[in-house]
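# Below: sequence and its predicted model.
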Amino acid sequence: KKSNGDFSEYNSQIIRREGKIAEVLKQKSKPYNVSVDVSSFEEWEPEYFFKTSFIFSATAFHWIDYNVRYKKCHDLLKEKGYLVLLWNIAPEIKIPAVKKAYDLLWEYYPEKRKAQNDNVDIKNQRKLEIINSGYFTLEDYLDYKWNLTQTREKFTKGFFSQSSFLSLEKEKQKSLSVKIVELFRGLDEVIETDFYTTVYITRKK
């Protein structure tokens, strides 16, 4: 199936931490059977008891408390239900200005800087975490490499839309954004980058 409208026959529940994004989603999903709640996953509770067949998380699952994420998904799923996790991963950064931008961002996330410096295999690390959780089996793993060509303006907006930046306090975002914009002024008008999209298809034990 090719369009979002194809899912209109299903009831869907979206949980977003950011209120601004949640409001946009509410407007876009009005024609469909979609509910949008503003909450962290840790604090979110359904209005009524239910079990679902499918839970999907895109580039956000690692932000959920480790002691909550797998157990809560397990509790919400029907027997043999699916938890599907997606992440976009950038390979080694070769553009000096972009590398410097991430160095500035990782000052707020020492663990990510350490993982980068230690050349941690994040793809395999996530596989092991799923298996070791004890709640899910890894049914399939998909790894797509794709090339992205963007204008400098769009590339800059993309940097500011990633969860690592959005999770910072507003004052830190403001301070960092000034430095990033200045760094990116020296980039070419058109920027080519490679990305990997990794998908972990897991099933409830």
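Looks like it arrived, so ask away.
# For the rest of this, base every contact and every neighbour count on C-alpha atoms.
OK.
# which helices and strands sit right next to the longest helix belonging to the chain?
Ranked by residue count under DSSP state H, the longest helix found in the chain is helix 170-184. Secondary structure elements in contact with helix 170-184, counted by 3 or more Cα pairs under 8 Å, 6 or more residues apart in numbering; DSSP states H and E, are helix 96-106, helix 152-161.
# Repeat the analysis, applying 10 Å as the threshold.
Contact here means 3 or more Cα pairs under 10 Å, 6 or more residues apart in numbering; DSSP states H and E; on that basis helix 170-184 packs against helix 96-106, helix 152-161, helix 163-166.
# Quick check, central residue of the protein?
T59 (1.3 Å; Cα atoms, centre = their mean).
# For that residue, give me its contacts.
85-89, 162-163, 197-198 (Cα atoms under 10 Å, 6 or more residues apart in numbering).
# Next: Y196.
Y196 touches 87-91, 142-147, counting by Cα under 10 Å, 6+ apart.
# quick one: it is in a strand?
Yes: counting by DSSP: H, G, I helix; E, B strand; the rest coil, one finds Y196 located in a strand.
# just to revisit the earlier point, so how far is P31 from the residue nearest to the centre of the chain?
26 Å (Cα to Cα, to the nearest Å).
# again, but for E43
27 Å.
# The two: which has the busier surroundings?
The residue with more neighbours, out of E43 and P31, is P31; 10 against 7, by other Cα atoms under 10 Å.
# How is the more buried one assigned, secondary-structure-wise?
P31, by the three-state scheme (three-state DSSP), is coil.
# Please apply the same query to the one 4 residues further on.
Three-state assignment for S35 (three-state DSSP): strand.
# Can you say which helix or strand has the spatially closest residue to it that is not a sequence neighbour in it?
Nearest non-adjacent residue to S35, counting by Cα to Cα, 6 or more residues apart in numbering: Q13, 4.9 Å away. Element membership of Q13 [criterion: DSSP states H and E] is strand 12-16.
# Tell me the spacing between the closest residue to F159 other than its chain neighbours and D65.
Of all residues not flanking F159 in the chain, F165 sits nearest, at 7.7 Å (Cα to Cα, 6+ apart). Relative to D65, F165 is positioned 18 Å away (Cα to Cα).
# more neighbours, the two?
The neighbour comparison of F165 against D65 (other Cα under 10 Å) goes to F165, with 18 against 11.
# and that one, what does it touch?
105-106, 108, 159, 172-173, 176-177.
# per-residue pLDDT, it?
We have a pLDDT of 88 for F165.
# and the gap between it and S39?
18 Å.
# which is the next helix or strand following the lowest-mean-pLDDT helix or strand in the chain?
Lowest mean confidence among the helices and strands of the chain (mean pLDDT, DSSP states H and E): helix 110-117, at a mean of 66. The helix or strand immediately downstream of helix 110-117 is helix 122-133, counting by DSSP H and E.
# who's in contact with that next one?
Contacts of helix 122-133 (Cα under 10 Å, 6+ apart): 62, 66-67, 69-71, 85, 87, 89, 115-116, 136-138, 141, 143, 198-200, 202.
# Right, I'll leave it there.
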